[in-house]
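1. could you look at this predicted model? Sequence included:
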Amino acid sequence: MLKRSPIKKKSSLKKSSTLKNSSPLRQKTRIKAKGKKTKEWEEARKLLTKAFEKCNITSCELKREGCTGSYFTTWAHSKKRRYINSYSELLEVGLLCISCHTYAESLPKEEMYILITDIIKNRSEDVTKYL
Ligand SMILES: [Zn+2]
């Protein structure tokens, strides 16, 4: 017989300790000026997210050993960031899980480029038509 032990929760509500801000947190809003590249990428990322959703690409496109599938996915660029000079290059990405992304990043840049552009070529649907 299972004995159900009645869960008696002691409601030990801590008396709202008077945590008075002796020092008013006057946050000076220091907005860090975002770089042009960062802004561009934020825009591109929004577009990509929508486009990929439309194509039903929601999990890793590389699927190597140790792939985490649809978990921890990130955008992997065909070119390393510092070599990206155009908006279209910014949109040249594959959706990779963190594990596969780490692998891709470990490759020499030429190989990484081939890897990512191959992924793009082999897609059943052309994501770029939604971009
Ligand atoms: Zn993966």
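-> Sure, I can see it. These numbers come from a predicted model, not from an experiment. Residues are numbered from 1 along each chain as shown.

2. run through who's touching the longest helix along the chain.
-> The longest helix of the chain (DSSP state H) is helix 36-54. Residues from elsewhere that reach helix 36-54, judged by CB atoms under 8 Å, 6 or more residues apart in numbering: 34, 58, 75, 81, 87, 90-91, 93, 95, 127-128, 130-131. Every C-beta, even on glycine, is put in place using the N, C-alpha and C of the backbone.

3. can you get me a residue count around Ile57?
-> 20 (other CB atoms under 10 Å).

4. how about the residues of the protein by the ion?
-> 60, 62, 67, 97, 100 (CB under 5 Å from the ion).

5. quick check: Ile120 touching Leu95?
-> No - Ile120 is not in contact with Leu95 according to CB atoms under 8 Å; the separation is 10.5 Å.

6. where do the strands sit along this protein?
-> Ranges of strands in the chain, per DSSP state E, are 73-77, 93-97.

7. which helices and strands does the last one pack with?
-> Right, the one you point to is strand 93-97. Here strand 93-97 touches strand 73-77, helix 109-121, going by 3 or more CB pairs under 8 Å, 6 or more residues apart in numbering; DSSP states H and E.

8. what does the first one give?
-> In this structure, strand 73-77 makes packing contacts with strand 93-97, helix 98-106, helix 109-121, judged by 3+ CB pairs under 8 Å, 6+ apart.

9. so which of those is the most packed in?
-> strand 93-97 (a mean of 25; mean count of other CB atoms under 10 Å).

10. dump that one to PDB, restricted to CA.
-> What follows is strand 93-97, C-alpha atoms only, in PDB (Å, rounded to 0.1, in the frame of the first residue of the first chain):
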ATOM      1  CA  VAL A  93      24.700  30.400 -43.300                       C
ATOM      2  CA  GLY A  94      23.800  27.000 -42.200                       C
ATOM      3  CA  LEU A  95      21.900  26.100 -39.000                       C
ATOM      4  CA  LEU A  96      24.300  24.200 -36.900                       C
ATOM      5  CA  CYS A  97      24.100  22.800 -33.400                       C
END
